[in-house]
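Trainee: quick check, what structure comes out for this input:
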Amino acid sequence: MSDEIRAEMVANVWKITTEVGAEVNEGDTLVILESMKMEIPVIAESEGTVSQIAVSEGDVVQEGDLIAVIG
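Mentor: Residues are numbered from 1 along each chain as shown. A predicted model of the protein is given here:
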């Protein structure tokens with residue numbers, strides 16, 4: 001079963017801290033978003049392998065946009 005990680009707010013993708021194929025644990029930071037001069041880490045909600053990263057650094061995401069998939 002895969003776990004889709006979605007944006008919780010409108011923000012800029014400041015930094016991607018993982019890559020497709022990486023093994024992650026629950027609580028690991030996948031992406032760092034920036035909104036209103038604040039850095040917001042997007043964390044893995046389960047352990048597994050990153051099967052997709054749907055954003056690039058510099059992208060603007062809207063609430064509900066897909067950020068990554070952990071399979």
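Trainee: now do the same end-to-end measure for stretch 44-52.
Mentor: 13 Å (C-alpha to C-alpha, to the nearest Å).
Trainee: buried stuff in it?
Mentor: Neighbour-count burial for stretch 44-52 flags 44, 48, 50 (criterion: 16 or more other C-beta atoms under 10 Å). C-beta coordinates here come from the backbone N, C-alpha and C atoms, glycine included.
Trainee: in this structure the second one contacts residue 68, no?
Mentor: In other words, residue 48. No: applying C-beta atoms under 8 Å as the test, residue 48 and residue 68 come out as separate, 10.7 Å apart.
Trainee: tell me the bridge partners for residue 42.
Mentor: Residue 42 forms beta bridges with residue 31, as assigned by DSSP bridges.
Trainee: that one touches residue 32, doesn't it?
Mentor: Yes: using C-beta under 8 Å, residue 42 is in contact with residue 32, at 7.2 Å.
Trainee: tell me the bridge partners for residue 5.
Mentor: Assessed by DSSP bridges, residue 5 has beta-bridge partners residue 68.
Trainee: and which of the buried residues of stretch 44-52 is nearest residue 11?
Mentor: Ranked by distance to residue 11 (C-beta to C-beta), these are led by residue 44 at 17.7 Å.
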